[in-house]
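> The following block contains a protein sequence and its predicted model.
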Amino acid sequence: MSTSDGITAAGGWAVITGATGGLGASFARALAGEGRNVLLVGRNETALDGLATELTDRFRVSARPLVADLAEPSAVSDLVKQLNELDIDLLINNAGFAQHGPYEALDPAGQHDQLQVCVVALADLAQGIAPQLVRRGRGGMINVASTAAFQPTPYLAAYAASKAFVLSFSQALHDELQGKGVTVTALCPGPVMTGFWDQVGSTDAAFGQRLTADRVVAQGLDGFRRGQAVVVPGWRNLITAQANRIIPRRLAVKIAGLAVRPRGRA
Ligand SMILES: NC(=O)C1=CN([C@@H]2O[C@H](COP(=O)(O)OP(=O)(O)OC[C@H]3O[C@@H](n4cnc5c(N)ncnc54)[C@H](OP(=O)(O)O)[C@@H]3O)[C@@H](O)[C@H]2O)C=CC1
Ligand SMILES: N[C@@H](C=O)C(=O)O
């Protein structure tokens, strides 16, 4: 198939939010490496342009940068409109960030934006493209959650709750859409040493088995292709996630809080 860019392309487009670095850039490289056209979403225009040029040169696919601040509801609805002008068969709902620390000390605007990006924008984008996925009966989405989704986590209270939303939402959509040819997968990484931790400002909150972004992405794509509802990369992270489902909730919360508390606090 030849696109308007005059570049060979296979199938529909993959949209990746948070493509400017970390897991998102790794998803973009993996998918473009398979010959997929990619739409790269983020706020950092320079980083998106650089990645788009790299992917076009290396893999001869179409790679389009799309600047959008997903904390802005109007930017999300504009993005949904643009996505519906393309044949999208894969959404990687990946953009996100965390704020770590005592809840009363966290920046309220940052907490609000965190919920907008990790919860509201993610759900709006999922709903925005679901009709075209169902109409064609193929493709799907990977929603990036976290091992923080498996238990309430003191000092990451809103972040962990937002990832619990992503996990629950994805499992429900997986069940609804699997009979319609559409796969929904929640990808739940433990700590991955990306720009995420610069943004958090401390690795005190990094608890669990550390993996590279490329490994997490490879496991996520593999699980998606197998039709898995939930993928927890790394066997130690998987055991921790399962343990948190069976031990008393109060105990899971205590352990999580002790594991990620800012150092020096009781
Ligand atoms: N790293 C880790 O240890 C873990 C990460 N995760 C999750 O993985 C996902 C990716 O994180 P990771 O790659 O590690 O971190 P990075 O900080 O490297 O990447 C985060 C991406 O999100 C984008 N983003 C943040 N805020 C906005 C916004 N308002 N609008 C649009 N894009 C935004 C950033 O782009 P830009 O700044 O250009 O807008 C960036 O591309 C997140 O959802 C995170 O919660 C889950 C578990 C562990
Ligand atoms: N799961 C990571 C964050 O989302 C972490 O290990 O802290």
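Received the coordinates, thanks. Ligands and ions are numbered 1, 2, ... in the order given.

> From Asn93, how far out is Ala218?
18 Å (Cβ to Cβ, to the nearest Å). Glycine gets a C-beta too; all of them are placed from N, C-alpha and C.

> Between these two, which is the more surrounded one?
Asn93 (29 against 15; other Cβ atoms under 10 Å).

> Phi, psi for that one please.
With angles defined as degrees, to the nearest 10, Asn93 sits at phi -90, psi 90.

> residue contacts, the closest residue to Ala157 other than its chain neighbours?
Using Cβ to Cβ, 6 or more residues apart in numbering and skipping the chain neighbours, the partner closest in space to Ala157 is Tyr103 (5.4 Å). Counting by Cβ atoms under 8 Å, 6 or more residues apart in numbering, Tyr103 touches 155, 157-158.

> can you check Asp198 too?
Contacts of Asp198 by Cβ under 8 Å, 6+ apart: none found.

> Could you look up the next helix or strand downstream of the strand or helix carrying it?
Using DSSP states H and E, Asp198 maps to helix 196-200. Next in sequence after helix 196-200, counting helices and strands by DSSP H and E, comes helix 213-225.

> quick one: the helix or strand following that following helix to chain centroid distance?
Following helix 213-225 in sequence order, the next helix or strand is strand 230-231 (DSSP H and E). Chain-centre distance of strand 230-231: 12 Å, with Cα atoms, centre = their mean, to the nearest Å.

> How about the contacts made by the residue nearest the centre of the chain?
The C-alpha lying nearest the average C-alpha coordinate of the chain belongs to Asn94 (Cα atoms, centre = their mean; 2.2 Å). Contact partners of Asn94, counting by Cβ under 8 Å, 6+ apart, are 16-19, 23-24, 27, 142, 144.

> repeat that for 10 Å
15-19, 22-28, 41-42, 122, 142-144, 187, 217, 220 (Cβ atoms under 10 Å, 6 or more residues apart in numbering).

> Also within reach of ligand 1: list those from the residues you listed.
When contact is defined as Cβ under 6 Å from any ligand atom, those meet ligand 1 at 18-19, 22-24, 42, 144.

> For the stretch 1-150 of the chain, which residues are neighbours of ligand 2?
Residues of the stretch 1-150 of the chain that fall close to ligand 2, judged by Cβ under 6 Å from any ligand atom: 146-148.

> Please identify which of those is nearest to ligand 2.
Ser146 (3.3 Å; Cβ to the nearest ligand atom).

> Any stretches of the stretch 151-266 of the chain with poor pLDDT?
Applying pLDDT under 70 to the stretch 151-266 of the chain picks out residues 264-266.

> Who's the closest spatial neighbour of whichever residue of it sits closest to ligand 2, skipping the chain neighbours?
Going by Cβ to the nearest ligand atom, ligand 2 is nearest to Pro191 of the stretch 151-266 of the chain, at 3.8 Å. In this structure, Pro191 finds its nearest non-sequential neighbour in Ala206, 3.9 Å apart by Cβ to Cβ, 6+ apart.

> Let me know whether the one you found touches Val260 as I believe.
Yes - Ala206 is in contact with Val260 according to Cβ atoms under 10 Å; the separation is 7.9 Å.

> shared neighbours of those two, which are they?
His100.

> The closest residue to Phe59 other than its chain neighbours: neighbour count?
For Phe59, ignoring the flanking residues on the chain, the nearest one in space by Cβ to Cβ, 6+ apart is Ala32 at 4.5 Å. Neighbours of Ala32 under the rule other Cβ under 10 Å: 25.

> Tell me where the stretch 101-250 of the chain has helices.
108-115, 122-136, 157-177, 196-200, 213-225, 235-246, 249-260 (DSSP state H, counting those that start in this stretch).

> residues in contact with Asp78?
Asp78 touches 66, 68, 72, counting by Cβ under 10 Å, 6+ apart.
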